[in-house]
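*Asks:* Fold the following.
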Amino acid sequence: MKAILAVVRRDLLLAMRRKTEVLTALFFFVIVTSLFPLGIGPETALLRKIAPGVLWVGALLATMLGLQRMFAADHADGTLEQMVLSPSPLGLLVSGKNIAHWLVSGLPLVVLAPILGIQFDLTAGELGVLMLSLLLGTPVLSLVGSIGAALTLGVRGGGVLLSLLVLPLYVPALIFGAGAVQAYNSGLGAAGHLSLLAALLVMALFFAPWATTAALRIALE
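*Replies:* Down below sits the predicted model:
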């Protein structure tokens, strides 16, 4: 736990020194989700219908903005090699970086989503389900994205390749996350979709650090 906390603390301190990169993702999320109500107009029924998908797609794209930087700086200054040689298991250190990435890129989106959902005329119950689905889904985005970031580490044009690798893997989280709010709105209940999101999170917590570790070792070789 000390190793994980040390990595989380270090990455958070580095993120605070690069506040513009963090704020860019947040502003991107706010702007993208705010354009739809302005473009569609005050049709509340249509806005409620598209709100879950719009907010989830905005959160997905905003999370992707910081994926390429997850390991790039450590690879450039040699920190990543030191992490591999560290007596602490590399999987634990990778988990610390995943936690830090979610705290910087995912948690602010969870907090902002209910505020942005008001402009789509969502009810308090729908906003609660949306926030809960993002709370379960955004860690999945960070964990799965770390695999793509490790696979494209040091590759020329890695940003485009990262998007091609990660976006198809994000589809289940997107479907169940947006579907939870739609199911709640239709009266079917969101428990099933949220349970599937929680299952995806458990699978990602188990497999993603291992896969990311293997990808990092291949990239360093």
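
*Asks:* quick one, phi psi at the closest residue to residue 122 other than its chain neighbours?
*Replies:* Closest residue in space to residue 122, ignoring its immediate chain neighbours: residue 51 at 5.6 Å, by CB to CB, 6 or more residues apart in numbering. Just so you know, the C-beta spots here come from the backbone N, C-alpha and C atoms, and that holds for glycine as well. Backbone torsions for residue 51, taken as degrees, to the nearest 10, come to phi -60, psi -50.

*Asks:* What residues of stretch 15-30 count as buried?
*Replies:* 15, 22, 25, 26, 29, 30 (16 or more other CB atoms under 10 Å).

*Asks:* okay, now residue 73: neighbour count?
*Replies:* 13 (other CB atoms under 10 Å).

*Asks:* right, I mislabeled it, should have said residue 182
*Replies:* Using other CB under 10 Å, residue 182 is surrounded by 18 other residues.

*Asks:* Next: the one 10 residues further on.
*Replies:* Using other CB under 10 Å, residue 192 has 13 neighbouring residues.

*Asks:* Show me which residues of the host helix or strand of it are buried.
*Replies:* Residue 192 is part of helix 191-220, with elements assigned from DSSP states H and E. Using 16+ other CB under 10 Å as the test for burial, helix 191-220 gives 193-194, 196-197, 200-201, 204, 208-209, 211-213, 215-216, 219.

*Asks:* ok, now stretch 173-187?
*Replies:* So, applying 16+ other CB under 10 Å, buried residues of stretch 173-187: 173, 174, 176, 177, 178, 179, 180, 181, 182, 183, 184, 185.

*Asks:* which strands and helices sit next to the helix or strand hosting the third one?
*Replies:* Here residue 176 is covered by helix 158-186, with elements defined by DSSP H and E. For helix 158-186, the helices and strands in contact under the criterion 3 or more CB pairs under 8 Å, 6 or more residues apart in numbering; DSSP states H and E are helix 44-64, helix 124-151, helix 191-220.

*Asks:* now the shortest one, how far from the centre of its chain.
*Replies:* So the one you mean is helix 44-64. Put simply, helix 44-64 sits 14 Å off its chain's centre (CA atoms, centre = their mean, to the nearest Å).

*Asks:* can you check stretch 91-102 too?
*Replies:* 13 Å.

*Asks:* now do stretch 64-82
*Replies:* From the chain centre to the centre of stretch 64-82 is a distance of 17 Å (CA atoms, centre = their mean).

*Asks:* For residue 57, list the residues it contacts.
*Replies:* Residue 57 makes contact with 32, 174, according to CB atoms under 8 Å, 6 or more residues apart in numbering.

*Asks:* By pLDDT, rank the buried residues of stretch 173-187 and give me the bottom one.
*Replies:* Within the set of the buried residues of stretch 173-187, pLDDT is lowest for residue 185 (82).

*Asks:* Can you verify my assumption that that residue contacts residue 47?
*Replies:* No: counting by CB atoms under 8 Å, residue 185 sits too far from residue 47 to count as a contact (11.9 Å).
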